[in-house]
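A.B. asks: Here is a sequence with its predicted model. Questions after.
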Amino acid sequence: MEWDETKHPRDDRGRFNGNGTEYRQNESYDKIVAQGNERQRGNENAAAGVVEEKSPSIDELLGEEFKGYKGQRAVDKLMQEKRGHVKGAFHRDDIGDIDLLWGNDSLGLQHIVKQRDGEKEGHAQEIMEHLSVAIEKGEFKQKNDRGNFIFAYKEDSVQYRTVIAPEYHKNKITYVLTAFRRGKRR
């Protein structure tokens, strides 16, 4: 399928906007977003009063854009650069394009590396090698309390999970938040 830029309007900052309305690629996305909204509303009250650290702006978080990379090549590029982001690094028919960010200690590849290598050496490398297939072929499992989508891909006795966020502090950007694995290698 050839990318047609005219079907994907952007605002003056280059963000997708659908001519002033929220732009989504298909109806399946809306169904997934609708799941769990009742539970999410209930948890908002419980979370009131929680003090959060100041998060970086979307521009600070994204950094330089690396163009022309998709799938595993996008993962490899950001692992090499250790900065920046790749727009539309992955695509799923149910939620559309997914951006890949180097991120920080709380999200993106930097977070995955720090967390997974902290569990056991080599975990981050294993997850990076399976990230593309886990995102693109994983089965939708649930929408969590924070509104993020969880997908699972099983290979042998190991299940690779990816968490995809539909926004960053009210900025409409669908991106890889984190990834992890469950189960043991034979």
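C.D. replies: Looks like it came in fine.
A.B. asks: mind listing the strands for this protein?
C.D. replies: For the chain, the strands defined by DSSP state E occupy 85-92, 96-101, 139-143, 149-155, 158-165, 175-182.
A.B. asks: Among the ones you listed, which comes closest to Gly71?
C.D. replies: strand 85-92 (6.5 Å; C-beta to C-beta). Any C-beta I mention is one placed from the backbone N, CA and C, and that applies to glycine too.
A.B. asks: in the closest one, what counts as buried?
C.D. replies: 85-90, 92 (16 or more other C-beta atoms under 10 Å).
A.B. asks: Could you do stretch 153-161 as well?
C.D. replies: Buried, per 16+ other C-beta under 10 Å, within stretch 153-161: 153, 159-161.
A.B. asks: Can you tell me how far Ser157 is from Val86?
C.D. replies: 31 Å (C-beta to C-beta, to the nearest Å).
A.B. asks: show me what contacts the residue nearest to Pro56 when sequence neighbours are not counted?
C.D. replies: Leaving aside its sequence neighbours, Pro56 sits nearest to Asn104 (C-beta to C-beta, 6 or more residues apart in numbering; 6.6 Å). The contact partners of Asn104, taken as C-beta atoms under 8 Å, 6 or more residues apart in numbering, are 56, 61, 110-111.
A.B. asks: Confidence-wise, which helix or strand of this structure is lowest on average?
C.D. replies: helix 37-47 (a mean of 46; mean pLDDT, DSSP states H and E).
A.B. asks: residue ranges with poor pLDDT in this protein?
C.D. replies: For the chain, the stretches with pLDDT under 70 are 1-53, 184-186.
A.B. asks: And the helices in it, which stretches?
C.D. replies: When secondary structure is read from DSSP state H, the chain shows helices at 27-34, 37-47, 58-62, 71-81, 108-119, 123-137.
A.B. asks: For the longest one, output the C-alpha coordinates as CSV.
C.D. replies: Think helix 123-137. Taking Å, rounded to 0.1, in the frame of the first residue of the first chain, the C-alpha atoms of helix 123-137 are listed here in CSV:
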residue,chain,number,x,y,z
HIS,A,123,16.4,-9.6,28.6
ALA,A,124,16.4,-6.2,26.9
GLN,A,125,18.2,-7.6,23.9
GLU,A,126,15.7,-10.5,23.6
ILE,A,127,12.8,-8.1,23.8
MET,A,128,14.3,-5.8,21.2
GLU,A,129,14.7,-8.7,18.8
HIS,A,130,11.0,-9.6,19.2
LEU,A,131,9.5,-6.1,19.5
SER,A,132,8.5,-5.6,15.9
VAL,A,133,6.8,-9.0,15.5
ALA,A,134,5.1,-8.6,18.9
ILE,A,135,3.7,-5.2,18.0
GLU,A,136,2.6,-6.1,14.4
LYS,A,137,1.3,-9.6,15.0
